Each structure stands twice: as C-alpha cells, then as structure tokens.
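Novice: Return atomic coordinates for the entry below.
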Amino acid sequence: MRLLLRLPACSLPRALVAALLISSAVIARSQSPDLDELRTNAESGNAESLNAMGLAYKNGRGVEANPEQAASYFRKAAEKGNAAAQRNLGQLLAEGKGVKQDLNEAVRWLRQATERNYPSAQYQLAVLYVDGKATPPAPEAAVKLLLQAAENNYAEAQSLLAILYIEGRGGAATDYTEAIKWAKKAVDLNFAAAQSTLGWMYSNGKGVPQDFAAALELFRKAASQNFADAQNNLGKMYEDGHGVPQDFAEAGRWYRIAAERGFGGAQNNLALLTAFGKGVAKDPVEAAKWFALAAQHGDNNGANIRSVLLKEMTAQQIAMAEKLVKEFVPQN
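Specialist: Got it, this is the predicted structure:
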C-alpha cells in the first residue's frame with residue numbers, strides 16, 4: 001500500500017467541460033453577475049469575497065486561471081483573519097504555486113488557520129509534519145492535528161490517520177484497531193482512499209479476519225471513483241484469484257486503467273504481465289516502457305526481469321520503448 005501525501009483532489013473535469021470553460025472564459029469574465037458582485041465586494045475589503053476571488057483564479061472558474069492573482073487575493077483575505085484563505089495561501093506557499101515556495105511561511109499561515117479549528121488546515125499542516133517539511137520538525141504533532149480534523153468529520157484526516165496507525169508513523173504507534181476505526185469513519189463518508197485502505201486491511205487480514213469478498217467490495221467502490229490505488233488492487237485480486245476466479249486478462253485491464261493514469265505500482269504490474277504475455281499480448285517494447293515509467297515512481301519490483309528483458313531486446317526496440325516513455329502523458 002502506498003501513502004500518497006498530497007492534498008486529495010476532487011474528480012478531474014472531463015475534456016469537454018474543460019474546453020467549454022476555456023472557450024467561455026472571456027464571456028464569463030465580463031458577463032458573470034456573481035463574479036462581478038464578488039469582485040466588487042472583494043475590492044471593498046470583504047474577506048470572504050477576497051477568498052472566493054482567489055479560488056476563482058486558482059481554479060479558473062469564470063476567469064482564466066492565474067495562480068499569482070489567486071495568491072494575491074488569498075493573502076489579502078488571510079491578513080484579515082479568514083481561516084479558509086489562510087489555509088489556501090498556506091497550500092500555495094507549500095507547493096510554490098503563484099508564489100515562491102516558502103515552507104516556513106506556509107506553516108505560519110496554516111497554524112493560524114488551525115487555531116481557528118479549520119479542519120482542512122489541520123490536515124494540510126499534518127501532511128507537512130509527516131513529510132518532514134514543517135519546521136521545527138515535530139512528527140508527533142501530525143496525529144494530534146489529524147485527530148482534531150477527524151473529530152470534525154474531515155474524511156481526508158480520518159483516512160490519513162488510518163494509514164499512520166497502520167504504518168506506525170507521524171507520532172502514531174502501530175494500532176490496527178485505531179486504523180480500522182478511522183478508515184471506517186471515512187468509508188462512511190464514501191472517501192475513496194479510505195475504501196482502498198480498508199480493503200487492503202481485509203485482503204491482508206490486518207486487524208480483521210481476512211475477507212476477500214469485503215476487500216473486493218471496497219476496492220470496487222473506490223475504483224468507481226477513479227482511485228488508481230484501488231484499481232491496481234483490483235487487478236492484483238484478479239491476478240492472484242483472491243475472491244474471484246483467477247483472470248489475467250481482467251487483471252491486465254485494471255492494471256492498464258491505473259497505469260495509464262500514471263500509477264507506478266500498476267505500471268510495474270502491467271509490465272510484468274506484458275513481459276510474459278499473461279492475459280495481454282506479449283510485447284517487450286511495451287513491457288520495457290511500463291517498467292521504465294514505473295521506475296520513475298520508485299517502483300522497481302520487476303527490476304531483475306526488466307534487466308533480462310533489455311538484454312534480449314534489439315537496439316531498435318529499446319529506442320522505441322524510450323520514445324514511448326518520453327511521449328507518455330497520464331490520462332485523467
């Protein structure tokens with residue numbers, strides 16, 4: 001199981017929706033009464049409107065996306081004590097989007113928002129502590145912050161708490177009972193990452209009796225939300241025949257869905273199937289491509305097989321695989 005310490009993203013927009021937003025941006029900028037009213041209120045110094053304008057520029061809603069402008073609006077609202085803006089500005093500073101990356105300032109703003117008991121800021125600050133990016137280092141602070149957000153029913157915090165209790169990190173001792181408790185709370189909120197985590201616990205019998213049927217149900221729910229980790233886990237269930245008849249073709253289908261989205265574990269698993277022609281067409285060029293892409297994510301479980309594969313390939317085949325790697329663009 002991978003722990004991806006990044007801000008959870010909402011479902012990404014479809015290409016058609018994105019195209020419509022882009023094509024209508026100019027009209028929206030001049031004709032949207034809501035945006036005009038927001039802009040007027042923001043210019044008068046209303047903190048909520050300043051934050052809302054920041055979000056509009058951050059997400060490109062009604063205006064052309066502009067992270068610098070977003071940061072400017074967030075800062076004005078944050079200085080007025082708006083917790084949401086303080087969190088949003090902290091996020092941009094942590095990521096270096098629209099502003100020069102400054103982790104110390106990011107922590108400062110996030111702390112101000114956490115003092116107002118803002119769950120999203122508590123979660124984001126906890127992530128920085130777990131990642132070792134907050135100064136002074138205080139990994140034990142992560143669990144405290146996550147518990148505060150989790151008690152406010154913040155699913156992302158509940159899900160991350162479960163992972164920290166599984167792995168014994170971030171100031172948490174390994175405790176499968178606590179992990180299950182928090183994962184289930186986030187599952188009740190239909191949070192995909194938690195569904196995948198709890199599914200992993202059932203499939204491996206961690207803190208619960210091993211139950212492949214329960215794991216499959218959870219993986220399917222998360223996969224239906226386009227969660228790549230769960231799609232990869234579904235592929236593994238089919239490859240191993242756990243809870244379902246062994247089916248390499250179906251395993252390959254799920255691996256490919258997650259691999260095309262840039263998930264390293266699935267890329268490695270698909271490479272292995274492709275190298276041996278199990279459930280998919282045997283293709284050394286494709287296998288080499290997926291091995292290389294997986295390695296970029298630190299997934300090197302098939303390193304020995306990849307080494308043997310490359311020795312058996314022609315220079316032309318290797319060059320083609322390298323070309324495919326360069327051309328690869330993750331799908332949404």
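Novice: Setting aside sequence neighbours, what's the nearest residue to residue 134?
Specialist: residue 128 (4.1 Å; CB to CB, 6 or more residues apart in numbering). All C-beta atoms are positioned from the backbone trio N, CA, C, and that covers glycine.
Novice: The one you found: neighbour count?
Specialist: 21 (other CB atoms under 10 Å).
Novice: Does it belong to a helix, a strand or coil?
Specialist: helix (DSSP: H, G, I helix; E, B strand; the rest coil).
Novice: Can you give me the distance of it to residue 245?
Specialist: Going from residue 128 to residue 245 by CB to CB, to the nearest Å gives 45 Å.
Novice: Repeat that for residue 202.
Specialist: The value you get for residue 202 to residue 245, if CB to CB is used, is 19 Å.
Novice: more neighbours, those two?
Specialist: Each of residue 202 and residue 245 has its neighbours counted (other CB under 10 Å); residue 202 has more, 23 against 7.
Novice: Surely the residue nearest to residue 134 touches residue 106?
Specialist: Yes - proximity of residue 128 to residue 106 meets the contact threshold set by CB atoms under 8 Å, at 7.1 Å.
Novice: where do the contact lists of those two overlap?
Specialist: Common neighbours of residue 128 and residue 106, counting by CB atoms under 8 Å, 6 or more residues apart in numbering, are residue 94.
Novice: Helix, strand, or coil at residue 251?
Specialist: helix.
Novice: unless I'm mixing things up, it is touching residue 266, no?
Specialist: No - contact criterion CB under 8 Å: residue 251 and residue 266 do not qualify, at 10.2 Å.
Novice: Mutual contacts of those two, please.
Specialist: Counting by CB under 8 Å, 6+ apart, the residues touching both residue 251 and residue 266 are residue 235.
Novice: now the helices for the stretch 151-300 of the chain?
Specialist: 155-167, 176-188, 192-204, 212-223, 228-240, 248-260, 264-276, 284-296 (DSSP state H, counting those that start in this stretch).
Novice: Look up which helix or strand residue 91 falls in, please.
Specialist: If you go by DSSP states H and E, residue 91 is part of helix 83-95.
Novice: that older thread, residue 251 and residue 266: who's more crowded?
Specialist: When residue 251 and residue 266 are compared for neighbours, residue 266 comes out ahead with 30 against 26, by other CB under 10 Å.
Novice: Check the gap between the residue nearest to the more buried one when sequence neighbours are not counted and residue 293 for me.
Specialist: Among residues not flanking residue 266 along the chain, residue 258 sits closest, at 3.4 Å (CB to CB, 6+ apart). Distance, residue 258 to residue 293, using CB to CB: 12 Å.
Novice: The two: which has the busier surroundings?
Specialist: The residue with more neighbours, out of residue 258 and residue 293, is residue 258; 26 against 23, by other CB under 10 Å.
Novice: And the more buried one, how close does it get to residue 147?
Specialist: Counting by CB to CB, the gap from residue 258 to residue 147 is 31 Å.
Novice: same thing with residue 130?
Specialist: 14 Å.
Novice: cool, and residue 163?
Specialist: Counting by CB to CB - residue 163 and residue 147 are separated by 14 Å.
Novice: now swap in residue 297 and tell me
Specialist: 30 Å.
Novice: Also residue 232?
Specialist: From residue 232 to residue 147 the distance is 29 Å (CB to CB).
Novice: Equivalent analysis for residue 165, please.
Specialist: In terms of CB to CB, residue 165 sits 11 Å off from residue 147.
Novice: so who does the residue nearest to residue 266 touch?
Specialist: The contact partners of residue 258, by CB under 8 Å, 6+ apart, come to 228, 229, 231, 232, 235, 265, 266.
Novice: Kindly report the same for residue 164.
Specialist: Counting by CB under 8 Å, 6+ apart, the residues that residue 164 touches are 130, 142, 143, 146, 170, 171, 172.
Novice: Give me the pLDDT value at the residue nearest to residue 266.
Specialist: On the pLDDT scale, residue 258 is placed at 98.
Novice: Okay, now the unreliable bits of the stretch 1-150 of the chain?
Specialist: 1-33 (pLDDT under 70).
Novice: show me where it has helices.
Specialist: Residue ranges of the helices in the stretch 1-150 of the chain, as given by DSSP H, counting those that start in this stretch, are 15-23, 25-31, 33-43, 47-59, 67-79, 83-95, 103-114, 119-130, 140-151.
Novice: Export these as a markdown table, with columns for distance to residue 279.
Specialist: Output for the helices of the stretch 1-150 of the chain, formatted as a markdown table (distance: least, CB to CB, whole Å):
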| stretch | distance to residue 279 |
| --- | --- |
| helix 15-23 | 29 |
| helix 25-31 | 44 |
| helix 33-43 | 51 |
| helix 47-59 | 40 |
| helix 67-79 | 43 |
| helix 83-95 | 39 |
| helix 103-114 | 45 |
| helix 119-130 | 37 |
| helix 140-151 | 40 |
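Novice: between residue 232 and residue 147, who's got more neighbours?
Specialist: Comparing residue 232 with residue 147 by other CB under 10 Å, the one with more neighbours is residue 232, at 28 against 17.
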